[in-house]
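> Give me the fold of what follows.
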Amino acid sequence: MSKKVGDLGQLIAASYLEKSAYQVIPQNVRSGRAEADLIAIYDNTLIVIEVKSSYTEFSMIELIHKIKRAQFARLIKVGTHQLAKHSDLTELRIDVIGVWLGQISPRIWHLNDISLYI
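Reported below is the predicted structural model:
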């Protein structure tokens, strides 16, 4: 995936989250070598979000398989680091958002708490 496709997917995902009452905080957050595409807050929960974008259609199963265990561990690391900065938040969750750009209007898949699938 090119950086341009990834950046477009992140913009679409951030807009989707904001319309869904999530508070999106800075993109591409790093903790050492680990990086998260988006971080959001919703109902006292800090959510680390990996965004997968493509012009080729993919299923939710394929979306889950794109997240490897090592990548999941890095997302947890970023989330733990960010959670320490927000003493008012009580939970950490890792989500994945898939953005299919192959239509006039992008199609979005949002999988909450991917720890259930990894």
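
> Tell me where this protein has helices.
3-19, 60-65, 69-85 (DSSP state H).

> To Ile94, which of the ones you listed lies closest?
helix 69-85 (5.0 Å; C-beta to C-beta). For every residue, glycine as well, the C-beta is placed using N, CA and C.

> For that closest one, which residues meet the burial criterion?
72, 74-79, 81-83 (16 or more other C-beta atoms under 10 Å).

> cool, and stretch 42-60?
Buried-residue list, stretch 42-60, by 16+ other C-beta under 10 Å: 42, 45-54, 58.

> Redo those residues as a markdown table? Include distance to Ser115.
Shown next, in a markdown table, are these (distance: C-beta to C-beta, whole Å):
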| residue | distance to Ser115 |
| --- | --- |
| Tyr42 | 16 |
| Thr45 | 13 |
| Leu46 | 14 |
| Ile47 | 12 |
| Val48 | 11 |
| Ile49 | 13 |
| Glu50 | 12 |
| Val51 | 17 |
| Lys52 | 17 |
| Ser53 | 22 |
| Ser54 | 23 |
| Phe58 | 21 |
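
> Which of those residues fall in strands?
42, 45-54 (DSSP state E).

> Closest one to Lys3 out of these, please.
The closest of those, once distances to Lys3 are taken by C-beta to C-beta, is Ser53, at 10.6 Å.

> Could you measure from the closest residue to that closest one other than its chain neighbours over to Ser87?
Of all residues not flanking Ser53 in the chain, Gly9 sits nearest, at 2.5 Å (C-beta to C-beta, 6 or more residues apart in numbering). As judged by C-beta to C-beta, to the nearest Å, Gly9 and Ser87 stand 31 Å apart.
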